[in-house]
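**Student:** no sequence for this one, just the structure:
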């Protein structure tokens, strides 16, 4: 039915125009019977409110911004970000919001874009990918008193709403599992040490080593930057100290690390074992299926949207802090000492958290 107006919807539903408007804009001050009649007419006629009119009526733009600061330079090559964006986009669609993507690749981008996104008008709220230590965009957004949720723990979390996983506990569980399989020279390839994810996952590695009563060997720690190339380069350095297992702080780096080990003539998992972090599709699709920590990336993005909408509807205070669950997914890459596997499966699951065997 073409060119329907809100007045047409109200007349067919037998309600006033203002009541129909409140239903369209999700106003709670409508009786259930009236809401049901209006929604049935909307569904039967495929009516869609005019975006500009909807914004004027609700004093909202119905747009959420996903903002990636300058320090997130690998958006187009790291498979983590498309999955995060997928979750954000799906939740925006479900809640009738439009998603805007803002990439601040240079200082000039930040100078031009920041004033547009930091005040109500263009956006109703912002999901900000957590920045590196030296990036001050989070501080600038907080000063604007604007609904913002950060994806990933920020360095200074006081008064900031954020969503993350418990990176320390998850990494600790991964290394505990390797210890329980019987490995002694467990190395790690970290993420960037100016990122909270890199710092927290290294802390988890160290905690697992120390709780075993071992000293942390700095020679078994190599820094990467979450890219496959950095995992490859870090593994080349670690090969000189002959680890028998490696906890890698991302699946993407783990793929690079495994390639370096294979090029050095090592068999995975017979000669050296690996555990990654993320459970990206590549973890289960590669030739050697990767044992890894699964974090719910798509759900992570969706939960960020839902939390941000709650902030838009109900105010930014108190700050929200959402910690989502992780899971150890056991596949082929950590099976070098098979005699320990059955024992670990049956007896030790509770020592490293939720686990799933593949």
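**Tutor:** That came through fine. The model shown is predicted, which means the values in this text are computed figures rather than measured ones.

**Student:** Sketch out the low-pLDDT regions of the chain for me.
**Tutor:** 1-3, 49-59, 70-76, 131-136, 336-358 (pLDDT under 70).

**Student:** What are the structural domain limits within it?
**Tutor:** Listed by automatic domain parsing, the domain ranges of the chain are 6-58, 63-165+298-324, 167-295+326-357.

**Student:** would JSON lines of those domains with mean neighbour count be doable?
**Tutor:** In short, each C-beta sits where N, CA and C put it, glycine included. Listed next are these as JSON lines, based on neighbours: other CB atoms under 10 Å:
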{"stretch": "domain 6-58", "mean neighbour count": "15"}
{"stretch": "domain 63-165+298-324", "mean neighbour count": "18"}
{"stretch": "domain 167-295+326-357", "mean neighbour count": "20"}
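
**Student:** Please go through this structure and pick out the longest helix.
**Tutor:** Identified as the longest helix of the chain according to DSSP state H is helix 297-314.

**Student:** Strand partners (parallel or antiparallel) of the helix or strand following it?
**Tutor:** Downstream of helix 297-314, the next assigned helix or strand under DSSP states H and E is strand 321-324. According to DSSP bridges, strand 321-324 has the following sheet partners: strand 161-165 (parallel).

**Student:** which residues does residue 147 contact?
**Tutor:** Going by CB atoms under 8 Å, 6 or more residues apart in numbering, residue 147 touches 124-126, 308, 311-312, 316.

**Student:** again, 6 Å this time
**Tutor:** Counting by CB atoms under 6 Å, 6 or more residues apart in numbering, residue 147 touches 125, 311-312, 316.

**Student:** Closest one of the residues you listed to residue 263?
**Tutor:** Of all these, residue 125 has the smallest distance to residue 263: 46.8 Å, by CB to CB.

**Student:** separation between the closest one and residue 221?
**Tutor:** 38 Å (CB to CB, to the nearest Å).

**Student:** tell me which strands and helices the longest helix of the chain is in contact with?
**Tutor:** With contacts taken as 3 or more CB pairs under 6 Å, 6 or more residues apart in numbering; DSSP states H and E, helix 297-314 sits against helix 80-94, strand 125-129, strand 148-151.

**Student:** contacts for that helix?
**Tutor:** 83-84, 86-88, 91-92, 95, 124-125, 127, 147, 149, 151, 163, 320, 322, 324.

**Student:** what do you get for stretch 112-120?
**Tutor:** Contacting residues not belonging to stretch 112-120 are listed as 65, 102, 104, 122-123, 144, 146 [CB under 6 Å, 6+ apart].

**Student:** Closest one of those to residue 199?
**Tutor:** Set against residue 199, the nearest of those by CB to CB is residue 104 (22.7 Å).

**Student:** I figured the closest one hits residue 110, correct?
**Tutor:** Yes: assessed by CB atoms under 6 Å, residue 104 is found in contact with residue 110 at 4.4 Å.

**Student:** before we move on, the earlier item: now flag whichever of the contacts of residue 147 is closest to residue 31.
**Tutor:** In terms of CB to CB, no member of the contacts of residue 147 lies closer to residue 31 than residue 312, at 24.8 Å.

**Student:** what's the distance between that closest one and residue 21?
**Tutor:** Counting by CB to CB, the gap from residue 312 to residue 21 is 19 Å.

**Student:** for residue 108, same thing?
**Tutor:** Distance of residue 108 to residue 21, given as CB to CB: 42 Å.

**Student:** ditto for residue 278
**Tutor:** For residue 278, the distance to residue 21 equals 45 Å [CB to CB].

**Student:** Also residue 232?
**Tutor:** 58 Å.

**Student:** how about the helices in the stretch 151-300 of the chain?
**Tutor:** For the stretch 151-300 of the chain, the helices defined by DSSP state H, counting those that start in this stretch occupy 167-180, 196-211, 228-238, 251-263, 281-285, 297-314.

**Student:** Next, format the ones you listed as a markdown table and append distance to residue 272.
**Tutor:** As requested, the helices of the stretch 151-300 of the chain are exported to a markdown table (distance: least, CB to CB, whole Å):
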| stretch | distance to residue 272 |
| --- | --- |
| helix 167-180 | 11 |
| helix 196-211 | 17 |
| helix 228-238 | 9 |
| helix 251-263 | 5 |
| helix 281-285 | 17 |
| helix 297-314 | 27 |
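
**Student:** For residue 157, which of those helices is the nearest?
**Tutor:** helix 196-211 (9.1 Å).

**Student:** Touching that closest one from outside, list them.
**Tutor:** With contact meaning CB under 6 Å, 6+ apart, helix 196-211 is reached by 153, 167-168, 171-172, 175-176, 188, 190-192, 216, 247, 249.

**Student:** So what's the gap between it and the chain middle?
**Tutor:** 19 Å (CA atoms, centre = their mean, to the nearest Å).

**Student:** what sits against the nearest residue to residue 236 once chain neighbours are set aside?
**Tutor:** Leaving aside its sequence neighbours, residue 236 sits nearest to residue 260 (CB to CB, 6 or more residues apart in numbering; 5.1 Å). Residue 260 makes contacts with 232, 235-236, as judged by CB under 6 Å, 6+ apart.

**Student:** Recalculate using a threshold of 10 Å.
**Tutor:** 231-239, 266 (CB atoms under 10 Å, 6 or more residues apart in numbering).
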